[in-house]
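**Student:** How does the following fold in three dimensions:
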Amino acid sequence: MTIRLYRSHEIKDCQWPKNEESHFIQKTFIPLLEHGISRYIDNVHTDLGILIAGECVFPITINSSEYENSYVCSPYSYYISYAQESLHAIATPFMQKTLRGILWGASKILRHCQFNQVVVVNNWFTSTTLYPPIEGATLQKIISFLQKEFPHHTILFRSIDPHMSTFYYTQLQTMGFEYVASRQVFFIDPHQSTLFESRLFKSDVKLLRNSGYEIIEREQLLQEDMARLADLYKQVFIDKYSRLNPMWNQNYVRLALSDELLHFKGLKKNGRVDGIVGYVIRHGKMFCSLFGYDQTISQETGLYRLLSTVLMLNAHEKKVRFHLSSGASMFKKIRKAEECIEYTAVFHKHLPFKRRIPWVILKKLCNSLGKKYMKKY
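**Tutor:** Now for the predicted structure:
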């Protein structure tokens, strides 16, 4: 099997496989390769490449340091900067101060050990990654190729868990990957009929029906809506949650709309879009990567609840397993969403001992105390 990595200056010579996955990746990543990632995502700085192994295609990102990067390309941002931002959730001042000190010390060690020198496989610049089917032998050859191509980089697979990426979860372990807990995530099985017949879900549907909002589709969104949609996303993912989330801008929203990279649904009232979701359905799974609503509208309107109901109804209709990502855990738990711990799969056996130390320590912390923190907060 021939394995080839194409960087931005080589993409015109790329020999793309002729399958649906390859076509979708071309639509999504060629604009980023040709025009630069910063044109579409304000806070992602990375070297993007396309790896082709037989019929399999993966976008990969290569970084050296970039400590101020969005966490989708920076494990430092995720495990240090994101954790520092989350300390406000801890009620005890003493514990906050203690953890802040620990994170400060850890940040110095991780920088010294070149923690951000990483290759991320199948990086779609989203909080959650959906993985395509692959044969174990092909996956092993890809790992061997990356070791030789990037002998000084840690190799990462994000968003690995035993439910939504079962094959990868099993195979990567047998190939020598270490698993470092990253967050608690939720998912819904569309065949779980009791969930959609529950009194609470029926109440959600009733609220949506009586909300006065029109559910609009992609075709009903206008070019003049692009700035509004990007702002709705920013209000939630960036302003409300974290500056470390990928800052998709209106150039990306326009691209996603025109090239049908996402399925869009919006909530519109009085001529204005107040809520938007953009989701993908791939390999029998669904994930919403663009979610936003007007934060100035009263919480009693329940825009988060309305948008979540729109997504749930769609997953049920399409009969696809719905990955709800993390956050709003109580909202998801009382609606009977299943939960599990998601991991970053890490391969570092080819690196010097100094470079492996941070991952060894991080694994011990995240897979013990870290899991309790993730479930509680």
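**Student:** Would you map the strands across this structure?
**Tutor:** Counting by DSSP state E, the chain has strands at residues 3-7, 47-53, 56-63, 118-121, 154-160, 178-188, 214-217, 263-269, 272-282, 285-293, 321-325, 338-347.
**Student:** can you list the ones you listed in JSON lines and add distance to residue 332 and mean pLDDT?
**Tutor:** For glycine as for every other residue, the C-beta is placed from the backbone atoms N, C-alpha and C. JSON lines is the format used below for the strands of the chain (distance: least, CB to CB, whole Å; pLDDT from 0 to 100):
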{"stretch": "strand 3-7", "distance to residue 332": "38", "mean pLDDT": "96"}
{"stretch": "strand 47-53", "distance to residue 332": "32", "mean pLDDT": "97"}
{"stretch": "strand 56-63", "distance to residue 332": "28", "mean pLDDT": "98"}
{"stretch": "strand 118-121", "distance to residue 332": "26", "mean pLDDT": "98"}
{"stretch": "strand 154-160", "distance to residue 332": "17", "mean pLDDT": "97"}
{"stretch": "strand 178-188", "distance to residue 332": "4", "mean pLDDT": "96"}
{"stretch": "strand 214-217", "distance to residue 332": "21", "mean pLDDT": "96"}
{"stretch": "strand 263-269", "distance to residue 332": "19", "mean pLDDT": "97"}
{"stretch": "strand 272-282", "distance to residue 332": "15", "mean pLDDT": "97"}
{"stretch": "strand 285-293", "distance to residue 332": "13", "mean pLDDT": "96"}
{"stretch": "strand 321-325", "distance to residue 332": "6", "mean pLDDT": "95"}
{"stretch": "strand 338-347", "distance to residue 332": "8", "mean pLDDT": "96"}
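**Student:** To residue 227, which of these lies closest?
**Tutor:** If you check each of the strands of the chain against residue 227 by CB to CB, strand 272-282 wins as the nearest, at 10.8 Å.
**Student:** Starting from that closest one, tell me which strands it pairs with and how they run.
**Tutor:** strand 263-269 (antiparallel), strand 285-293 (antiparallel) (DSSP bridges).
**Student:** now the angle from that strand to strand 321-325?
**Tutor:** Following axes from the mean of the first three to the mean of the last three CA atoms, to 10 degrees, one obtains 120 degrees for the angle between strand 272-282 and strand 321-325.
**Student:** Nothing else from me, thank you.
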